[in-house]
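Asks: Attaching a predicted model along with its sequence, questions to come.
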Amino acid sequence: MYNQKWNELVDKLLLSKEPSIRYKIKLHLLNKDPSSKEMKDLQQEIKNSNRVQTLLSAVGEKHPYQKWQGPHWILSILADLHYPPGDRKLIPLKDKVYSWLLSEYRKKIVL
């Protein structure tokens, strides 16, 4: 009974419209190789998903640490969604976060 319910749940999650859910199920429950073509293709789906496009469009000129919408949080969320690594389009976000973290003002506060 338990295994049947578990399998039904996994099957249902594998049909999710959200590619990051399918990715996590395949990676963590079905032990798929993250370097396989199937998983790389799924990461491209994640990259092109409405959720990710909405997140990226919301960043704008927000403070790097603005809760849930600043570059720091967007990069964190993208990592959790398994956004594919190496996308040079994210470098400006990373630069904004580093610039803020390493600013003279922050150094005075932290040190």
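Replies: Perfect, thanks for sending it.

Asks: Helix, strand or coil: sort out Gln53 for me.
Replies: Three-state assignment for Gln53 (DSSP: H, G, I helix; E, B strand; the rest coil): helix.

Asks: Could you number the chain from 234 rather than 1 from now on?
Replies: Sure, I'll start counting at 234 from here, so that last one is Gln286.

Asks: now stretch 270-278, how far from the chain's geometric center?
Replies: With Cα atoms, centre = their mean, to the nearest Å as the basis, stretch 270-278 stands 14 Å off its chain's centre.

Asks: export that stretch as PDB, just CAs?
Replies: Provided in PDB are the C-alpha atoms of stretch 270-278 (Å, rounded to 0.1, in the frame of the first residue of the first chain):
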ATOM      1  CA  LYS A 270      21.300  14.600 -21.800                       C
ATOM      2  CA  GLU A 271      17.900  14.100 -20.300                       C
ATOM      3  CA  MET A 272      18.800  16.200 -17.200                       C
ATOM      4  CA  LYS A 273      20.700  18.800 -19.200                       C
ATOM      5  CA  ASP A 274      17.600  19.200 -21.500                       C
ATOM      6  CA  LEU A 275      15.400  19.500 -18.400                       C
ATOM      7  CA  GLN A 276      17.700  22.300 -17.100                       C
ATOM      8  CA  GLN A 277      17.200  24.100 -20.300                       C
ATOM      9  CA  GLU A 278      13.500  23.800 -19.700                       C
END
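
Asks: Report the buried residues of it.
Replies: 272, 275-276 (16 or more other Cβ atoms under 10 Å). Backbone N, C-alpha and C define where each C-beta goes, glycine included.

Asks: now those in TSV, with distance to Leu289?
Replies: Below are the buried residues of stretch 270-278 laid out as TSV (distance: Cβ to Cβ, whole Å):
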residue	distance to Leu289
Met272	22
Leu275	18
Gln276	15
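
Asks: quick one: which of these is nearest to Tyr331?
Replies: Nearest to Tyr331 among the buried residues of stretch 270-278, counting by Cβ to Cβ, is Gln276 at 24.2 Å.
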